[in-house]
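In: give the three-dimensional model of this entry:
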Amino acid sequence: MSAAEHLEECRNAISGCNLVAFIDLQASMVLSVSAASKQRQERLDMLGALASDLLRLPEDDPLQGLPGDGTVLPQTAIRLSATETTVFVRSQAEPNEALCCACAPDTRVDETIAAARRVLPDIGAND
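Out: Next comes the predicted model:
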């Protein structure tokens, strides 16, 4: 199955999900996307940059290297708004890869994270 097919499978598995994007965190770039409707490039660029900001600590973070602080990269991030719940999930196998799931505001976050974690290993394997 291709990366695009895995993204489509993930989007269909999440109730109210409008978009699933596979993101390279180091490049802050969306590599592949499955969406219910055509997406503007500016939105995809914003999601790539946001994922990178939320899931990757900057090199000059003053907390980096302190015991218990700043040494573990965040694995998930959630952005809530009146119109959308956006969930970012880092790949456990490839720390510079992540999925972004943009969903309805009432989407269950736990189910979204679980669905993303199920497909991430298969998408990364298709790079």
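In: wait, what's in contact with Ala13?
Out: 115, 118 (C-beta atoms under 8 Å, 6 or more residues apart in numbering). C-beta: built from backbone N, CA, C; applies to glycine.
In: then Asp45?
Out: Listed by C-beta under 8 Å, 6+ apart, the contact set of Asp45 reads 29-30.
In: from Arg43, how far out is Ala51?
Out: According to C-beta to C-beta, to the nearest Å, Ala51 and Arg43 sit 13 Å apart.
In: ok, the two, which is more surrounded?
Out: Higher neighbour count among Ala51 and Arg43: Ala51, with 27 against 15, using other C-beta atoms under 10 Å.
In: on that earlier part again, mutual contacts of Ala51 and Arg43, please.
Out: Joint contacts of Ala51 and Arg43 (C-beta under 8 Å, 6+ apart) do not exist.
In: all strands of the protein, in order?
Out: Along the chain, counting by DSSP state E, strands occupy 17-24, 29-35, 76-80, 85-90, 97-103.
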